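Visitor: Here's my sequence, what's the structure:
(2 chains)
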Amino acid sequence: MGSAEQISQLTIDGLMVGALYAVIALGYTLVYGVLQLINFAHSEVFMLGAFGGLFASRALVPDGGATPSGLASAGLVLFGLGVGALAGATAAYALERCAYRPLRRRGAPRLAYLISAIGASLFAFNLAGKEFGRQSVPVPELFTNGTVVTVFGAEISTQSLVIAASALMMLLAVDHLVAGTRLGQSIRAVAQDAECAGLMGVDVQKIIVATFVLGGLLAGAGGFLYAMTFNASYTMGFVPGIKAFTAAVLGGIGNVRGAVIGGLLLGLVESFGGYLFDASYKNVIAFAVLVAVLLVRPSGLLGTRLGRPA
Amino acid sequence: MSGLPHQPRLTRLTRLPRSRRVRSLGIACFLSALAAVITGPSGDADHPLAGITGSFAWPRLIIFVVAALGLWAALLSGGHLASRGRALSTRARAAMMPSTSMPPAPGGDGAGPPAPAGPLRRIAAPITGRHGARLGHLALLAVALAVPPALSTAAQQALVGEIGVYALLALGLNVVVGYAGLLDLGYIAFFAIGAYTTAYVTSAEAMPWHAPWQINPFFALPVALVVAAVAGVVLGGPTLRLRGDYLAIVTLGFGEIVQLLANNADGVTGGPRGVFGLPPLSVDLPGVRYSWGLNPLPYYYLLVVLIVLVMVVFGRWERSRTGRAWTAIRQDEVAAEATGVATIRMKLLAFAVGASVSGFAGVVLATKQFFNPQSFGLQASLLVLTIVIFGGMGSRLGVVLGALVLQGTAFLLRDTVPPADRFIYFGAVVVLMMIFRPSGLLPPRRHRALPRQDVPGTPAVPAAAGTPLVGAAVGATAGAGQDSALAPGAAPGPGPLPAPGSLRTSGPPPASGASPGSGAVPGPGPGAGAGPGVGPGAEPAL
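Guide: Below is the predicted model:
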């Protein structure tokens, strides 16, 4: 293993990527908690959110112009996050409406939902490829990226800081929402027992929509953050989607705090594993983690469901 | 699955007609706008809105406004019909309620049902029975043998080869998805494994890594089959213990990993350049000497042989104890386990069988002398899945037809639809099929697998072969002629995926316009031979 600086740097990088995984993983976990279904099209929600934020910031920051600074930067980042989140929420709503609700009305078997979601995913990312081009597109520079502080020899860039701060805020907000608000209470009630929650006066249909939209907001904003570092492209959702799912399973699917812990942990494992083996095998490492978790402890680290007290 | 919420019937009835009209208009506008964007011009990253604005440019706008209005009208009238049908089916169900609680004995002793059973059944048999299927198979085989040599261009001849490969792949995936009800999203990885295994054992030059001795490509068939099956068991072992969703995501990841390894492991697979220079298939026996060259047609005929072989084997398998175990798992895993089906072993078997067929197809791909990792992407897996969904999950003839229709349509439209845009349509096909016709183009005839003698008298109404128990039971036991005449039209079966354990409501209303088909196509319901417990729409589940 390398020096202390390297360890520190790998940790910082891992936590940064891990925070993004955690943000996406929340969408999987929330929907899973409520419907007991893996939302296979969540990765496309993420991708559409990234494009939403990207085009919004492109509209405000012309190519070749000066890089904004100070308050303007902060405003632009927030604006991009907001538009990304809105795009993600719209996509998630449309998805629920078109690919899930008709099946739910019919009382279709589980397999039908999975297939319908994967069809919607295929549809969405190829349509995005057609409309937005099939090359990868960078987000314009919204701030001057430089080293802000050095921790144990590791350089923390502005970008990492922005991503970490935004992700942290979102995670805290969701945790508060699920644990401490009326909406969160309804979500937990539906997750525990949909039928019973319906009898107690919870509008189950509305809660399902709200859950999808909440997951979409997070994934959309997360997509914009991801695109800041890794650019946006129509297939960008696929790999982070699988990894975020891994993170959700690692922490215990259906568990909000578990998703956060799983995301951060997966980010670290990937970062160190990529250093030990080769960066191109990062995906293999994440996949190995998924299979290992399923083999050893399929309920995940925290293992509780959304409906039970976390 | 815990019971998913359903709208209470009351709200459905009290909804204002006006709001329904507005809603239908909304749906119609949304769908035709979507269609306009899908078929419209493309944009790019610098002009992300160009595609969308171009889709609604002047002459197109008119077309899609008209389309939206037409769709609206269709939805309104369809909705009207559907609500009437729903009322009828409710009445039929109400009429049936007392009768189902009775034992079927009164119908069985010959007193109950009127007896047109014999002759009518005999007349209907050639159309709907086994003979019909056999005729269908033979006709398809004749077309498959006769048409390709008549095709003129090389592109067309390559197309039939492509259809053959995808038909074979779809037959394999059909075992996993259609029989056992498992979702495999990395199916093409086994295709890759088959192809690379072939390269490994048949050629010393094609890949950097090769076996110490080389064998004839024909012997690669069993080798690839075994290797792919082992890969399937290794992958399925840890995941099949868990719920089906996990298998889907693990296979999704697995497919990605296999492609990644094929691409990155230059020293083993040859990397992104691909593998070429494999020896073609050849027969070298005393007296018979033949080598498959560059011409696509001989490969096509080889594929036809393999497809027929696989179809025959799976047909036997489907009707065996194993096939019934798969059906039981698909319909309700918990119940299957409770009745003594070794669910994990059976799921693993289905998964391994699917994988081995995919590996089998990989050999054919490899012996065409060239392939590269790009052939093994996610989209290829999803294309095979689309074919299975479109053709009819669980129906062998259906998936072969699905491959033919989808690939053929894609070929015919190759000038108007860019190949990269095809998958938009495939995705839409999958979602629409799941919503409106989950049983696919040609639903499987599931009722045959069930013992006939259990429900005496029920085959009395041949038309009921495609309908759930509602019609048959009413006709047989209640003798309410009027209702039994209404029932077949009013309560079409909800699809080939009756998972009684997952439904808490009784007969779900049919989606408008979703009525599965004509009398000639036997419907998805277990129909005539079904025991009372399996009628998907008829019985409140477990």
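Visitor: same for the host helix or strand of residue B:327, what does it pack against?
Guide: Assessed by DSSP states H and E, residue B:327 sits inside helix B:321-331. Using 3 or more CB pairs under 8 Å, 6 or more residues apart in numbering or on different chains; DSSP states H and E as the contact criterion, the neighbours of helix B:321-331 among helices and strands are helix B:333-338, helix B:343-367. All C-beta atoms are positioned from the backbone trio N, CA, C, and that covers glycine.
Visitor: May I see the buried residues of the shortest one?
Guide: Meaning helix B:333-338. With burial defined by 16 or more other CB atoms under 10 Å in any protein chain shown, the residues of helix B:333-338 counted as buried are B:333, B:335, B:336.
Visitor: cool, the last one as well?
Guide: By neighbour count, and taking 16+ other CB under 10 Å as the criterion, the buried residues in helix B:343-367 are B:343, B:346-367.
Visitor: what residues does the next helix or strand after it touch?
Guide: Next helix or strand after helix B:343-367 toward the C-terminus (DSSP H and E): strand B:370-371. Residues from elsewhere that reach strand B:370-371, judged by CB atoms under 8 Å, 6 or more residues apart in numbering or on different chains: B:195, B:274, B:275, B:276, B:278, B:365.
Visitor: and if we set it to 6 Å?
Guide: B:195, B:274, B:275, B:276, B:365 (CB atoms under 6 Å, 6 or more residues apart in numbering or on different chains).
Visitor: the strands in chain B, which residues?
Guide: For chain B, applying DSSP state E gives strands covering B:275-276, B:282-285, B:288-291, B:370-371.
Visitor: wait, the stretch 101-250 of chain A
Guide: Secondary structure of the stretch 101-250 of chain A by DSSP state E, counting those that start in this stretch: the strands cover A:147-151, A:154-157.
Visitor: Quick one: closest of the strands of chain B to residue B:439.
Guide: Closest of the strands of chain B to residue B:439 is strand B:370-371, at 34.3 Å (criterion: CB to CB).
Visitor: who does that closest one pair up with?
Guide: Applying DSSP bridges to the sheet, strand B:370-371 is found paired with strand B:275-276 (antiparallel).
Visitor: quick check: mean pLDDT across the partner strand?
Guide: Mean pLDDT, taken over the full extent of strand B:275-276, equals 84.
Visitor: Ok, stretch B:142-151 next?
Guide: This predicted structure assigns stretch B:142-151 an average pLDDT of 81.
Visitor: List the residue ranges of the stretch 51-200 of chain A that fall below the pLDDT cut-off.
Guide: Across the stretch 51-200 of chain A, the stretches falling below the confidence threshold (pLDDT under 70) are A:64-65.
Visitor: Show the residue spans covered by the helices in it.
Guide: The residue ranges that make up the helices of the stretch 51-200 of chain A, judged by DSSP state H, counting those that start in this stretch, are A:70-95, A:101-106, A:110-132, A:158-180, A:182-192, A:194-199.
Visitor: just those helices: most buried one?
Guide: Per-residue neighbour counts averaged over each of the helices of the stretch 51-200 of chain A give the maximum for helix A:110-132, namely a mean of 25 (mean count of other CB atoms under 10 Å in any protein chain shown).
Visitor: Now that one - C-alpha only, PDB.
Guide: The C-alpha trace of helix A:110-132 is given here as PDB (Å, rounded to 0.1, in the frame of the first residue of the first chain):
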ATOM      1  CA  ARG A 110     -44.100  -9.000 -10.200                       C
ATOM      2  CA  LEU A 111     -42.400 -10.100 -13.300                       C
ATOM      3  CA  ALA A 112     -44.500  -7.800 -15.400                       C
ATOM      4  CA  TYR A 113     -43.300  -4.800 -13.400                       C
ATOM      5  CA  LEU A 114     -39.700  -5.700 -13.900                       C
ATOM      6  CA  ILE A 115     -40.200  -6.200 -17.600                       C
ATOM      7  CA  SER A 116     -42.200  -3.000 -18.100                       C
ATOM      8  CA  ALA A 117     -39.600  -1.000 -16.200                       C
ATOM      9  CA  ILE A 118     -36.700  -2.400 -18.200                       C
ATOM     10  CA  GLY A 119     -38.700  -1.600 -21.400                       C
ATOM     11  CA  ALA A 120     -39.200   1.900 -20.200                       C
ATOM     12  CA  SER A 121     -35.500   2.200 -19.500                       C
ATOM     13  CA  LEU A 122     -34.600   1.000 -23.000                       C
ATOM     14  CA  PHE A 123     -37.100   3.400 -24.400                       C
ATOM     15  CA  ALA A 124     -35.900   6.400 -22.400                       C
ATOM     16  CA  PHE A 125     -32.200   6.100 -22.900                       C
ATOM     17  CA  ASN A 126     -32.400   5.500 -26.600                       C
ATOM     18  CA  LEU A 127     -34.800   8.400 -27.000                       C
ATOM     19  CA  ALA A 128     -32.300  10.600 -25.000                       C
ATOM     20  CA  GLY A 129     -29.600   9.400 -27.400                       C
ATOM     21  CA  LYS A 130     -31.700  10.500 -30.300                       C
ATOM     22  CA  GLU A 131     -32.600  13.900 -29.000                       C
ATOM     23  CA  PHE A 132     -29.400  14.900 -27.200                       C
END
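Visitor: Touching that helix from outside, list them.
Guide: Contacting residues not belonging to helix A:110-132 are listed as A:37, A:40-41, A:44, A:51, A:95, A:99, A:103, A:234, B:1, B:42-43, B:45, B:48, B:51, B:181, B:183, B:248, B:382, B:421, B:423-424, B:427-428, B:430-431, B:434, B:438 [CB under 6 Å, 6+ apart].
Visitor: Doesn't residue A:275 belong to a strand?
Guide: No. Counting by DSSP: H, G, I helix; E, B strand; the rest coil, residue A:275 is not part of a strand but helix.
Visitor: Spatially nearest residue to it, not counting backbone neighbours?
Guide: Leaving aside its sequence neighbours, residue A:275 sits nearest to residue A:10 (CB to CB, 6 or more residues apart in numbering or on different chains; 5.6 Å).
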